[in-house]
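K.L.:
model this:
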Amino acid sequence: MNEELKNFMDELWGAEGKLVDTPLGQGKIEEVRTMGGVDFSVRVKIPDTDGSTLFSGLKLFEFKSQ
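P.N.:
Next up is the predicted model:
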């Protein structure tokens with residue numbers, strides 16, 4: 001795992017309540033849970049959508065890196 005990814009995942013782990021950019025727009029992180037390997041499941045509430053959307057931490061990192 002490269003250092004940039006490690007730092008992103010470390011910050012993501014304690015990020016409940018913070019805003020994050022996603023492929024669907026910016027939203028508020030509601031929950032972060034562990035998944036297999038080095039990934040997280042991140043539940044994000046995006047304004048003007050029903051409920052929450054689940055994202056992989058690795059997918060959020062890829063989106064941020066674009």
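K.L.:
Now do the same contact list for residue 39.
P.N.:
For residue 39, the contacting residues are 56-58, taking CB atoms under 8 Å, 6 or more residues apart in numbering as the criterion. Quick note: C-beta positions are derived from backbone N, CA and C, even for glycine.
K.L.:
now the residues you listed as JSON lines including neighbour count and secondary structure?
P.N.:
Supplementary listing: the contacts of residue 39 in JSON lines, determined by neighbours: other CB atoms under 10 Å; DSSP: H, G, I helix; E, B strand; the rest coil:
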{"residue": "56", "neighbour count": "13", "secondary structure": "strand"}
{"residue": "57", "neighbour count": "22", "secondary structure": "helix"}
{"residue": "58", "neighbour count": "17", "secondary structure": "helix"}
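K.L.:
Can you convert those into a markdown table and add a column each for pLDDT?
P.N.:
Written out in a markdown table, the entries for the contacts of residue 39 read as follows (pLDDT from 0 to 100):
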| residue | pLDDT |
| --- | --- |
| 56 | 96 |
| 57 | 96 |
| 58 | 95 |
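K.L.:
what lines up beside the longest strand seen in the chain in the sheet?
P.N.:
Ranked by residue count under DSSP state E, the longest strand found in the chain is strand 25-34. Taking DSSP bridges as the criterion, strand 25-34 forms sheet pairs with strand 19-22 (antiparallel), strand 40-45 (antiparallel).
K.L.:
Since that was my last question, I'll sign off now.
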